[in-house]
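*Asks:* Predicted structure and sequence below. I'll ask about it afterward.
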Amino acid sequence: MAAVDVEAAVKELRTTYSSGKTKSYEWRISQLEALLKIVTHHENEIVEAVHSDLCKPQTETSFQEIFSVASSCKLALKELRRWMEPQKVKTGMLTFPSSGEIVPEPLGVVLVISTWNYPFLIAVDPVIGAIAAGNAVVLKPSEVAPATSALLSKLLGEYLDTSAVRVIEGAVRETTELLAQKWDKIMYTGNGRVARIVLAAAAKHLTPVILELGGKCPAVVDANINLKVTARRIISGKWGCNSGQTCISPDYILTTKEYAPKVVDALTAELEKFYGKDPLGSNDLSRIINIHHFDRLEKLMDDEKVSGKIVHGGQRDKTSLKIAPTILLDVEEDSLIMNEEIFGPLLPIVTVNKIEDSFEAINAKGKPLAAYLFTNDKTLKEEFVRSVSAGAIAINETALHFMEVGLPFGGVGESGMGSYHGKFSFDAFSHKKAVLRQGFGGEVSARYPPYAPWKLQLLKALVKGNIIEILRALLGW
């Protein structure tokens, strides 16, 4: 990988943006079409790169990453002209006769710093929004997924306009150099520790940021449900999403003491159907990204407070960096595993006396990126949506809300700030510029000095839009 002069690269992009090139509808469409060609013509290469980095099954990469990017591209291509149109707004009597509109304009030159767990999707999806909005973009892929990073650099370099869209690879040094530049917006996906570094760097230039982080996403399991379907959906959102290395994977389950054994049995039965009796040998289970994260997960499992709580799984193979789907029951709240995001194939089950107690337990922790509830109780559903603060909530489902381009994806509190996906991506990288158009007629002389009580009365009536009060003020009543 050749060294890149970061400052010079950013300067070139800013020159391109200043020329107005990226603002045209035609340029935006051409770049979106090029991105769609990448996912259409290079699916196998993308699958191979992601497999090299994560040993991720082809189905997961195609369904969760490539199809999602293609869907975002197609939506932007279909809707872009409408998104770009000014939005008319009503104006009041104070400015009559006038017209108002909200004009979406690009922010300028933006930086997207992506992460390793979905190394293609999380890199390209925000870039779609940034391009659709008319920005010049620098993408910094994760060095922790080197095969995908190299492929992104190659493909985007071949298909896109590199005077306006650049991929800059590298690690800490390159990221530090990038953060030292002035940007018009920064989007970062990753952990809270690095997010604080990004936010501090952005603050020096008053640069707005989008932070997509994580947290401990709970899954509440009530008793009056289809338990088999519930187990399969939890497994899909946990182990079927990159072996739990997903920011919206269920991090722990909450259920009642009486129901917990049934939940364990259902999960165990479905896990064996999905991954067999030797899950470490299954080709349908991703590996842990690297030895650092493997050791971190081992530390969580071997904590003396939880090591005796494993009721299923626990097998591990350091050579292949694989850990079997592992369920832990009645884990103590002060254990390591309950006080940090797991981001791996371990799933603790916490029991409560009654299911309503789970809401208080969730709210006692930091606000998660997602929260899940499995129930048929309408009142419980409404209370969950009303009382639990999270980036997103899914009822009787896990993780699939991420695939819905009509829903915003983003966190709240320590799970992040800002959101994107579909039209929300366009909005995230746009400035909504207020425009008031006025002629030289309809002059309101009451706004000018010398001030008088009747002028104040008239201005007040105009602001309120009350015709009777306007007439009274004009007539001196």
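*Replies:* Cool, got the structure.
*Asks:* ranges for the strands of the stretch 51-200 of the chain?
*Replies:* Under the criterion DSSP state E, counting those that start in this stretch, the stretch 51-200 of the chain contains strands at 87-89, 98-106, 109-113, 136-140, 165-167, 185-189.
*Asks:* which one of the ones you listed lies closest to His42?
*Replies:* Judged by C-beta to C-beta, the one of the strands of the stretch 51-200 of the chain that comes nearest to His42 is strand 165-167, at 14.7 Å. The C-beta positions use only the backbone N, C-alpha and C, and glycine is treated the same way.
*Asks:* Of the strands of the stretch 51-200 of the chain, which is nearest Ala9?
*Replies:* With C-beta to C-beta as the yardstick, what comes closest out of these is strand 165-167 (5.6 Å).
*Asks:* What lies in contact with that closest one?
*Replies:* With C-beta atoms under 8 Å, 6 or more residues apart in numbering as the test, strand 165-167 has contacts from 9, 13, 31, 127, 131, 136-141, 152-153, 156-157.
*Asks:* please redo it, this time with the cut-off set to 7 Å
*Replies:* 9, 13, 31, 131, 136-139, 141, 152-153, 156-157 (C-beta atoms under 7 Å, 6 or more residues apart in numbering).
*Asks:* and if you look at stretch 272-285?
*Replies:* Applying C-beta under 7 Å, 6+ apart, the set of residues contacting stretch 272-285 is 57, 235, 239, 243, 315, 317, 320, 322, 324-325.
*Asks:* Just the ones of those in helices?
*Replies:* Those of these mapping onto helices are Ile235, per DSSP state H.
*Asks:* In this structure, where is pLDDT below threshold?
*Replies:* Low-confidence segments of the chain, defined by pLDDT under 70: 1-3.
*Asks:* 90 instead, please
*Replies:* Across the chain, the stretches falling below the confidence threshold (pLDDT under 90) are 1-5, 92-97, 224, 307, 332, 439-448, 452-477.
*Asks:* can you pull out the strands in the stretch 201-350 of the chain?
*Replies:* In the stretch 201-350 of the chain, strands defined by DSSP E, counting those that start in this stretch lie at 209-212, 218-221, 252-256, 310-312, 316-317, 322-323, 326-329, 346-352, listed in chain order.
*Asks:* deepest of the ones you listed, which one?
*Replies:* Ranked by mean neighbour count, those are led by strand 218-221 with a mean of 26 (mean count of other C-beta atoms under 10 Å).
*Asks:* in whatever helix or strand Ala49 lives in, what counts as buried?
*Replies:* Taking DSSP states H and E as the criterion, the element that holds Ala49 is helix 43-54. By 16 or more other C-beta atoms under 10 Å, the buried positions in helix 43-54 come out as 43, 46-51, 53-54.
*Asks:* Who are the packing partners of that helix?
*Replies:* When contacts are defined as 3 or more C-beta pairs under 7 Å, 6 or more residues apart in numbering; DSSP states H and E, helix 43-54 sits against helix 146-159.
*Asks:* Can you give the distance of the helix it packs on from its chain's centre?
*Replies:* Offset of helix 146-159 from its chain centre (C-alpha atoms, centre = their mean, to the nearest Å): 22 Å.
*Asks:* ok and it relative to helix 43-54, angle-wise?
*Replies:* Relative orientation of helix 146-159 and helix 43-54, computed by axes from the mean of the first three to the mean of the last three C-alpha atoms, to 10 degrees: 150 degrees.
*Asks:* For stretch 244-264, buried residues please.
*Replies:* Neighbour counts using 16+ other C-beta under 10 Å place 244-256, 259-260, 263-264 of stretch 244-264 among the buried residues.
*Asks:* Endpoints of that stretch, how far apart?
*Replies:* Distances were taken as C-alpha to C-alpha, to the nearest Å; on that basis the terminal residues of stretch 244-264 are 17 Å apart.
*Asks:* do you know how far the closest residue to Leu347 other than its chain neighbours is from Gly240?
*Replies:* Nearest-residue entry for Leu347: Ile327, 5.3 Å, with adjacent residues in sequence omitted and distances by C-beta to C-beta, 6 or more residues apart in numbering. Distance, Ile327 to Gly240, using C-beta to C-beta, to the nearest Å: 15 Å.
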